[in-house]
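Colleague: Quick one: sequence and predicted model below, then my questions.
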Protein chains: 2
Amino acid sequence: MSNQKPSLPRGTRDFGPDKMVKRNFIFDTIKATFQKFGFMPLETPAMENLSVLTGKYGEEGDQLLYKILNSRPHEARDSEKEKMRQDFNRLLTQNTNSPVLTEKGLRYDLTVPFARYVVMNRNEIKFPFKRYQIQPVWRGDSPQKGRYREFYQCDADVVGTDSLLCEAEIVLMMNEVLSKLGIKDFTIKINNRKILTGIAEAVGSPGKEGDLCVAIDKLDKIGREKVEKELEERGFSRESVEKLNPVFSLKGSFAEQKKVLSELFASSETGRKGLEELGQVMQLVEAFEIGNTHLEFDTTLARGLSYYTGAIFEVKAHHVQIGSISGGGRYDNLTGSFGMPGISGVGFSFGVDRIYDVMEELNLFPQNNFTTTRVLFSHFDEAALLYTLPLLKQLRENGINSEVYPEAGKLKKQLDYANSKQIPFVVLVGSDEMASGKLTLKNMQIGSQQQVTLEELIKAVIL
Amino acid sequence: MSNQKPSLPRGTRDFGPDKMVKRNFIFDTIKATFQKFGFMPLETPAMENLSVLTGKYGEEGDQLLYKILNSRPHEARDSEKEKMRQDFNRLLTQNTNSPVLTEKGLRYDLTVPFARYVVMNRNEIKFPFKRYQIQPVWRGDSPQKGRYREFYQCDADVVGTDSLLCEAEIVLMMNEVLSKLGIKDFTIKINNRKILTGIAEAVGSPGKEGDLCVAIDKLDKIGREKVEKELEERGFSRESVEKLNPVFSLKGSFAEQKKVLSELFASSETGRKGLEELGQVMQLVEAFEIGNTHLEFDTTLARGLSYYTGAIFEVKAHHVQIGSISGGGRYDNLTGSFGMPGISGVGFSFGVDRIYDVMEELNLFPQNNFTTTRVLFSHFDEAALLYTLPLLKQLRENGINSEVYPEAGKLKKQLDYANSKQIPFVVLVGSDEMASGKLTLKNMQIGSQQQVTLEELIKAVIL
């Protein structure tokens, strides 16, 4: 096994220093915003019992779960081994669980572990419970561009309240995070599951909002005629399709669209409820007086329809060809599958990999940051090295990330090191500097050099 | 599978908000220190190829690796299934690798993935390379008090230089992290593998430093006579044991101990080299002028002897019954098993779970922090809610974590919520407050109440 060329599993990635600095900028911005809005951190284990995970993500999801082999099968008793063999043979014909072979799997998302946590801690948790969770998840999908087998999710949820203030604050958090990241042009699309239900009811096809959305979603691409044809293929009557006329021509402000839909919903209580909720969310967002809310009503927004019961959100950045960078919605029954019904909530998440790509493409990552080294001390012999150490200590005491090149090497080598780490300042210490007490400060970005005292150095480099 | 009581895998833990706030305080302190000393973050995937992991941790370690079952075995071709059956039968008799069944495993530590990263990126990395890495690892050990199957490691290493400045800076970082965490009483023990080798050579038992350490380590507990007996049982001659006399009675300052050992090492070049290195590290630490270095030479310190080739470190906190909270050392051959010899380095790590326990026991966690909510707005009707929203926005714009209770509920319920989240300030907003524009600020810690303007509120609560 040894002495071979090592490799990474397909669909997984290392994040070296350059990438980490940028990723942490995104994570830190998101965390700070979640915390500013009263969300508290939660972490759950990477390994969950398969009994917790299985059956929560549909048949396709079950196939993508990573299962962990139980430890030391060769130490099992003979009778257990026989059971293992049987279970293994079943595993070769169908995707089943076998606790004697594998009882644990890797986390597939952050929602199911959160639901498990809520159920296991129901007596200690004070509701409404606002938690955020930023951890990797694993899925045995075929890797392709932008799709990985190990990737971070970044969720925030409020459970145990149906206050629409939570929806409004999600809009605020999306705005705050993206503007802090420097992403200025984006749209937060909002819809409500009840409006989709209402439309299906109003056109005489109750329960068919799924088909409706799939078809309407293509309006921009294939045009109205083809959408209507697809709807008929999906079992909508000619009459139903005609009743959709006002939906196809929806435009203008929310108030204008609301007027059209209110008429359509004359006979759909659910539709009217959806419109009312949406209106209240809009009003609450306005009440915060944040200026441009970036919020836009979109009747065609669906997003994993089966899951959401109220508001639905999705955020797209402009000027880049990339899917949604954030999304979420309200759900009714977080913990029902663990025997604890009636826990509703609303949650959303940020797609960190996509946000990273957007920021890279728009060149939005800041030059200066608090992670990388600000100052490198460069020296040429033992005496100079010893001279720099108390100076180095004082820079660090002033909160300045700084280091001294550990060896007495050629200047070029030391400057190369500074450049490779993108260190903006190098302090040269030689016999002249030790004699005069004035340090030579080199600005690596503009190439200038000046003589400075320690105090001047600190002032010049501090962020 | 559904509707059952969910549970956690044995040896794994959830970290709820209370624990996360404390853990993040530790992680953030460590990260800030690593960065201040020029270390850059690295993250590697949780899943590594088993070919990378196997054979790196000894036979016992191989047994503890978590192996991940390859996806969708039931979709394999018949010939592959036959191979799987054969491999599975082998797995039931011995601990072997079978790529058709499992090709990936969970990270067991952070050192092997780091070595793999260095080898795979050898052409891009500029040495010396200073990286830190804070991620969970997994081991299929029997869980017991303080031993988990999933836990965080927290490593920093410099590779590609043998400068002893790196050792000195490790001592500084240990000091900085622990003092920032409020842990005042601790000892950083230091030794050098070459000194241990030198002692074994000097007493005429070259290569037996392992046995030597195991025995000497018990000096405090079982006394000198029994240690000498154990040494003889471990194959040391009566003569060798007698030559150890000066080692047994080592005491006093480093200079004094150095004098004794220098005499002993008259015939051991390795021993003299170890003493010299140790002296240089001590001198470099002193040159930083940090005051109390907490550094103490201990000839009996060994710590995974086979691995280290130079300095060895270990940190113990006083006043608590707990193992070492930090440790590390210099090694020669990080990447040799991946076919890239000659990469030496020095690294250390913090034991976050133990540091957590020490801080809990000594009550060192700070009351105020930047994670939890500072201010809760409490309101009693829709009008008051709408009134609070622009105020809430302004607090947040001032960087103050704040929230409004999302429902119009009883005051007691809202105050209970504040208490459960340890929110120190509650602002009451009712009709009086809206009429006067003065808010009622309740200090939850001391129970006092006062009327304040928004500006006064911000001043009163800001951290």
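Modeller: Noted; the coordinates are in hand. None of these values were measured; they are calculated from a predicted model. Numbering: from 1, shown residues only, chains lettered A, B, ... in the order given.
Colleague: Quick check: can you list the domain ranges of chain A?
Modeller: Residue ranges for the domains of chain A, per automatic domain parsing: A:66-106, A:371-461.
Colleague: Can you get me the start-to-end distance on stretch A:62-69?
Modeller: One end of stretch A:62-69 sits 16 Å from the other (CA to CA, to the nearest Å).
Colleague: now it: mean pLDDT?
Modeller: What stretch A:62-69 shows for mean pLDDT is 94.
Colleague: just how off-centre is that stretch within its chain?
Modeller: 23 Å (CA atoms, centre = their mean, to the nearest Å).
Colleague: got it, and stretch A:31-49?
Modeller: 12 Å.
Colleague: Next: stretch A:342-349.
Modeller: On CA atoms, centre = their mean, the centre of stretch A:342-349 falls 16 Å from the chain's centre.
Colleague: what's that stretch in contact with?
Modeller: A:110-111, A:118, A:153-162, A:166-167, A:170, A:173-174, A:309-311, A:313, A:326-336 (CB atoms under 8 Å, 6 or more residues apart in numbering or on different chains). All C-beta spots, glycine's among them, are computed from the backbone N, C-alpha and C.
Colleague: please redo it, this time with the cut-off set to 7 Å
Modeller: A:118, A:153-160, A:162, A:166-167, A:170, A:311, A:313, A:326-332, A:334-335 (CB atoms under 7 Å, 6 or more residues apart in numbering or on different chains).
Colleague: Kindly format the C-alpha coordinates of that stretch as PDB.
Modeller: What follows is stretch A:342-349, C-alpha atoms only, in PDB (Å, rounded to 0.1, in the frame of the first residue of the first chain):
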ATOM      1  CA  GLY A 342     -47.100  19.600  15.000                       C
ATOM      2  CA  ILE A 343     -43.600  21.300  15.000                       C
ATOM      3  CA  SER A 344     -43.700  23.800  12.200                       C
ATOM      4  CA  GLY A 345     -41.000  26.200  11.200                       C
ATOM      5  CA  VAL A 346     -39.300  28.200   8.500                       C
ATOM      6  CA  GLY A 347     -35.800  27.800   7.300                       C
ATOM      7  CA  PHE A 348     -33.300  28.800   4.600                       C
ATOM      8  CA  SER A 349     -29.800  28.100   3.500                       C
END
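Colleague: tell me which residues in that stretch are buried?
Modeller: Within stretch A:342-349, the residues that count as buried by 16 or more other CB atoms under 10 Å in any protein chain shown are A:I343, A:S344, A:G345, A:V346, A:G347, A:F348, A:S349.
Colleague: Over to stretch A:71-84?
Modeller: Buried residues in stretch A:71-84 (16+ other CB under 10 Å): A:S71, A:P73, A:K81, A:K83, A:M84.
Colleague: which SS state does the fourth one fall under?
Modeller: Okay, so that is A:K83. Here A:K83 is recorded as helix under DSSP: H, G, I helix; E, B strand; the rest coil.
Colleague: ok now do it, which residues does it touch?
Modeller: Counting by CB under 7 Å, 6+ apart, A:K83 makes contact with A:V100.
Colleague: And the second one, by the same measure?
Modeller: By CB under 7 Å, 6+ apart, A:P73 lies in contact with A:M84, B:L91, B:L92.
Colleague: and if we set it to 8 Å?
Modeller: Each residue near A:P73 by CB under 8 Å, 6+ apart is listed here: A:K81, A:M84, A:L101, B:L91, B:L92.
Colleague: Now flag whichever of those residues is closest to B:T388.
Modeller: Minimum distance to B:T388 across the contacts of A:P73 is 55.5 Å, recorded for A:L101 (CB to CB).
Colleague: where does chain A dip in pLDDT?
Modeller: A:1-4, A:304-306 (pLDDT under 70).
Colleague: residues from the stretch 101-250 of chain A in reach of chain B?
Modeller: Contact residues (CB under 8 Å from any CB of the partner chain) of the stretch 101-250 of chain A with chain B: A:101-104, A:106, A:116-117, A:119-121, A:124, A:126, A:128, A:130-131, A:136, A:138, A:140, A:149-150, A:158, A:161, A:163, A:165-166, A:172.
Colleague: Mind putting the buried residues of stretch A:71-84 into a markdown table with distance to B:F37?
Modeller: Output for these, formatted as a markdown table (distance: CB to CB, whole Å):
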| residue | distance to B:F37 |
| --- | --- |
| A:S71 | 38 |
| A:P73 | 45 |
| A:K81 | 52 |
| A:K83 | 54 |
| A:M84 | 50 |
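Colleague: Please identify which pair of those lies farthest apart.
Modeller: A:S71 and A:K83 (16.2 Å).
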